[in-house]
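Student: Show me how the following folds:
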Amino acid sequence: MTLLIFTLLLCAQQTDSNEKATPTESPEHAFARQQYEGQTVRYNDNRNEFRRLMGELTQLQGCSTQDCLAARLADIHLVELIQSYLPGISQLLELLKNRLDHTDECVDTYRNTIDKKASDLTIRQADLVQSCKSVGLYPPQK
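Tutor: Presented below is the predicted three-dimensional model:
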């Protein structure tokens, strides 16, 4: 009986210590994650709308009235517009994913180098600063 209580207490202590060990998300990382998730939703919505409109356009043979043809032409214009936006959104999505992956590293780089003169930076630090600037994370966004 004593062994059972000890085991339960030990499991409870391990659970508490595991919960405390979970790091909290930095504001910069949360901002990057929100941007990435929002853009992912936008990309998926546009792609789904494109597929829906393409499915409707395959039914063009059933149109015989001017109103129907005008609606189909508007759909064709919308399909072309979405099709032109999808590659740009896809590239932006890749950039945001890259930002999300490197946000914490760039925050650390920023904190370690912000008070140094450019001439005092090591080559590695200067390269890290340049890398973070290339993805728009130096200074970090909140």
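Student: residue closest to the middle of the protein?
Tutor: The centroid of the chain falls nearest to Tyr36 when counting by Cα atoms, centre = their mean (1.6 Å).
Student: name the element that residue belongs to?
Tutor: Element membership of Tyr36 [criterion: DSSP states H and E] is helix 27-57.
Student: which helices and strands does whichever helix or strand comes after that helix pack with?
Tutor: Moving toward the C-terminus from helix 27-57, the next helix or strand (DSSP H and E) is helix 66-113. Using 3 or more Cβ pairs under 8 Å, 6 or more residues apart in numbering; DSSP states H and E, the elements in contact with helix 66-113 are helix 27-57, helix 123-134. To be clear about C-beta, it is placed using only N, CA and C from the backbone, and glycine gets the same treatment.
Student: And the ones you listed: which comes nearest Ala71?
Tutor: Ala71 lies closest, by Cβ to Cβ, to one member of the helices and strands packed on helix 66-113: helix 27-57, at 9.3 Å.
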